[in-house]
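In: generate coordinates for the sequence data below:
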Amino acid sequence: MTAGSRGDVAPFTGLGSALVAAGHEVTLVTHERFAPLVTGSGVGFHPVPVDPRAELESERGRGLHRSSTGVGKLVRVARMARAVVGRVTDDLVAAARTSDVLLLSASVAPLGHVIAEGLSLPSLDLALQPVAPTREFAPPMLGGGSWGGVANRFAGHGVEWAVEQIFAPALPAVRARLGLPAGRRAGARRAGPVLHGFSPRLVPRPRDWRPELDITGYWWPYDRDDRLPAGVREFLDAGPAPVFVGLGSATVPDPGRLSGEIVRGLRRAGLRGVVQRGWAGLAADGDDMLTVDEVPHSLLFPEMAAVVHHCGAGTTAAGVRAGVPAVPVPVQFDEGFWADRLVAAGVAPGAVPLRRLTAGTLAAALVRATRESAFSDRARELGARVREEDGVGSVVEAVGRMA
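Out: Predicted coordinates for the structure are as follows:
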C-alpha cells in the first residue's frame, strides 16, 4: 500500500515482481493512474481514488509554490493530504480483507497500522526516506541539512506529530468500523521494524536509531522495456552524449519560462539535451534537443553525460545506479536532503534550487559536472557499488519469515 507521486510507487513495482518470483501473490494498492507501472510484472493492482497530479495542479496544490521554506511547504501539503485521506480508506480496507500480510509505505503507514490491527494481519513498514528522528540530520521532509543534534531530533519528532495530524480525523471511524477500541493516539507510530529502500553508501544508518530500523539498499522499479524507443536511440547515436533534464512529478508555476532557461543553459554549456516533459510540462525544440515523455531511467541515464533532476528519491537512485554525474535541482520536501547527499558523495558539484535556476547557474553547474573528471570518476565508483547491493533480497527474506 502506497500513496503519493510516481516516485512513491515505482520502487514497489520491482519489489512486488521479486516477491512474485519468490512465490508470493502480490497486489499493489495505490492511485489508479499508476496501474500501467505493473503491466507484465505479475503484480496485481487495486486502485484507490485521488489523482495526485490533479491535486498538485489544483489551486491548493499550486499554493505549495508560495512557500519558500520546508516548514511552510510541509504545512501546506499536510492540509492537502488531510483533506483527501478519508477518500482512500474504503479501498485500503477492501484490499486488506483479501490479504495475509500488509506492506506499508510511510505515506500510508498510520492508516495501514490500524487496518492491520483491526484485521489481525501482520504488517511491515517500507520507507523510501529516513523517517525516524535522529540527531545526525534534520528531517528530510524539511529539506535536510543539520540544525545540531538536539534540534535535528526535536524537529524529527515534530514531523512525526505533523503526520499524525494528517490521519487523525480519519482514524477514529476506521477503528470503530473494524471493532477496535478508541483511546489510542490516532496516528501514533508503532515501534516495529522498518526497512528503508535506499543505499547505506548514500545515507549511512544513523547511530541513534533503534535496532529494528534497517537500511537495505535500493528497490529498483520494474522495467518492462529492454530497449530505448527508436526515436531516442536515433537522437543518442547522432552526436555526443547529451544531458538529461527532468523534474519528475514536480509541478512548476511557469513551464515555458523554465523550459527556455533550461535550453539556454544547455546550449551555453555546449551540450545536447534530453528533456523529459514530466508533470512540470517541460519542452525543448531544435536539432540539439529532444523532448521525451516516460522513458525508463535504467535504460536512458547510463547514456547521459550528466543528469539534471529534482532529486526525488527514485530519480536520485536511478542517477546513482547509472554512475553518471548529477546537477540537483531540488524543488521541495526531501529533495533538498537527497541533493545534499549527492554533493557529499562527490557526484554533483552543488545544488541549483529551482528558485535560483537560470541559464547561467545551470550552465556553470553543467560545465563542472561534465568537464571535471572527479565527478564522473566518483559517480562511476558509487554506481558500481550500489549496483552490487541487494535491497530487494532483504525484503523478500523478511516477507518470507512473516509468511
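
In: quick one: strands adjacent to the one helix or strand Leu195 maps to?
Out: Taking DSSP states H and E as the criterion, Leu195 maps to strand 194-196. Here strand 194-196 has these sheet partners by DSSP bridges: strand 123-127 (parallel), strand 213-215 (parallel).

In: what does it contact?
Out: The contact list for strand 194-196 (Cβ atoms under 8 Å, 6 or more residues apart in numbering) reads 124-132, 203, 212-216, 394-395, 398. Where C-beta positions appear, they are placed from N, C-alpha and C, glycine not excepted.

In: helix, strand or coil for Glu234?
Out: Judged by DSSP: H, G, I helix; E, B strand; the rest coil, the three-state class of Glu234 is helix.

In: can you map out the strands along the chain?
Out: Using DSSP state E, the strands of the chain run over residues 27-31, 44-48, 102-105, 123-127, 194-196, 213-215, 243-246, 273-276, 289-292, 306-309, 326-328.

In: could you dump those into a markdown table and include distance to Gly319?
Out: Putting the strands of the chain into a markdown table (distance: least, Cβ to Cβ, whole Å) gives the following:
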| stretch | distance to Gly319 |
| --- | --- |
| strand 27-31 | 24 |
| strand 44-48 | 28 |
| strand 102-105 | 21 |
| strand 123-127 | 20 |
| strand 194-196 | 19 |
| strand 213-215 | 19 |
| strand 243-246 | 9 |
| strand 273-276 | 13 |
| strand 289-292 | 16 |
| strand 306-309 | 5 |
| strand 326-328 | 5 |
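
In: let's have those in CSV, adding distance to Ala10 and mean pLDDT.
Out: Putting these into CSV (distance: least, Cβ to Cβ, whole Å; pLDDT from 0 to 100) gives the following:
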stretch, distance to Ala10, mean pLDDT
strand 27-31, 10, 95
strand 44-48, 13, 94
strand 102-105, 12, 96
strand 123-127, 13, 96
strand 194-196, 16, 96
strand 213-215, 19, 96
strand 243-246, 14, 98
strand 273-276, 14, 98
strand 289-292, 17, 98
strand 306-309, 14, 98
strand 326-328, 18, 98
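
In: same list (these) but as CSV, adding mean neighbour count and distance to Ala173.
Out: Output for the strands of the chain, formatted as CSV (neighbours: other Cβ atoms under 10 Å; distance: least, Cβ to Cβ, whole Å):
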stretch, mean neighbour count, distance to Ala173
strand 27-31, 24, 19
strand 44-48, 18, 17
strand 102-105, 23, 19
strand 123-127, 22, 20
strand 194-196, 24, 26
strand 213-215, 19, 30
strand 243-246, 27, 40
strand 273-276, 24, 40
strand 289-292, 18, 44
strand 306-309, 29, 40
strand 326-328, 30, 41
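
In: what's the closest of these to Ala168?
Out: With Cβ to Cβ as the criterion, Ala168 lies closest to strand 102-105 of the strands of the chain, at 17.6 Å.

In: the closest one pairs with which strands, parallel or anti?
Out: Assessed with DSSP bridges, strand 102-105 is paired to strand 123-127 (parallel).

In: give me the contacts around the partner strand.
Out: By Cβ under 8 Å, 6+ apart, strand 123-127 touches 12, 15, 101-106, 109, 112-113, 116, 192-197, 219, 395, 398-399, 402.

In: for stretch 375-388, same thing?
Out: The contact list for stretch 375-388 (Cβ under 8 Å, 6+ apart) reads 199, 201-202, 217-218, 320-326, 345-349, 368-370.

In: make it 10 Å
Out: Stretch 375-388 is contacted by residues 198-202, 217-218, 220, 301-302, 305-307, 317, 319-327, 342, 345-349, 368-370 when judged by Cβ atoms under 10 Å, 6 or more residues apart in numbering.

In: and the closest residue to Ile115 other than its chain neighbours, how many neighbours?
Out: Excluding the flanking residues, the one nearest Ile115 by Cβ to Cβ, 6 or more residues apart in numbering is Ala96, at 4.9 Å. Neighbour count of Ala96, defined by other Cβ atoms under 10 Å: 23.

In: likewise for Pro130?
Out: 26.

In: now the one 4 residues further on
Out: Summarising burial for Thr134: neighbours were counted as other Cβ under 10 Å, giving 19.

In: wait, it touches Val159, no?
Out: No - contact criterion Cβ atoms under 10 Å: Thr134 and Val159 do not qualify, at 11.5 Å.

In: could you measure from Arg205 over to Ala35?
Out: Separation of Arg205 from Ala35 (Cβ to Cβ, to the nearest Å): 34 Å.

In: now the helices for the stretch 101-250 of the chain?
Out: Using DSSP state H, counting those that start in this stretch, the helices of the stretch 101-250 of the chain run over 109-118, 149-167, 171-177, 230-237.

In: any idea which of those helices is most buried?
Out: Of all those, helix 109-118 has the most neighbours on average by mean count of other Cβ atoms under 10 Å, namely a mean of 23.

In: relative to strand 123-127, how tilted is it?
Out: 170 degrees (axes from the mean of the first three to the mean of the last three Cα atoms, to 10 degrees).

In: show me what helix 109-118 is packed up against.
Out: Judged by 3 or more Cβ pairs under 10 Å, 6 or more residues apart in numbering; DSSP states H and E, helix 109-118 is in contact with helix 89-97, strand 102-105, strand 123-127, helix 149-167, helix 171-177.

In: Throw the ones you listed into CSV and include distance to Asp8, thanks.
Out: Putting the helices and strands packed on helix 109-118 into CSV (distance: least, Cβ to Cβ, whole Å) gives the following:
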stretch, distance to Asp8
helix 89-97, 15
strand 102-105, 6
strand 123-127, 11
helix 149-167, 14
helix 171-177, 21
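
In: can you tell me which of those is nearest to Ala238?
Out: strand 102-105 (40.4 Å).
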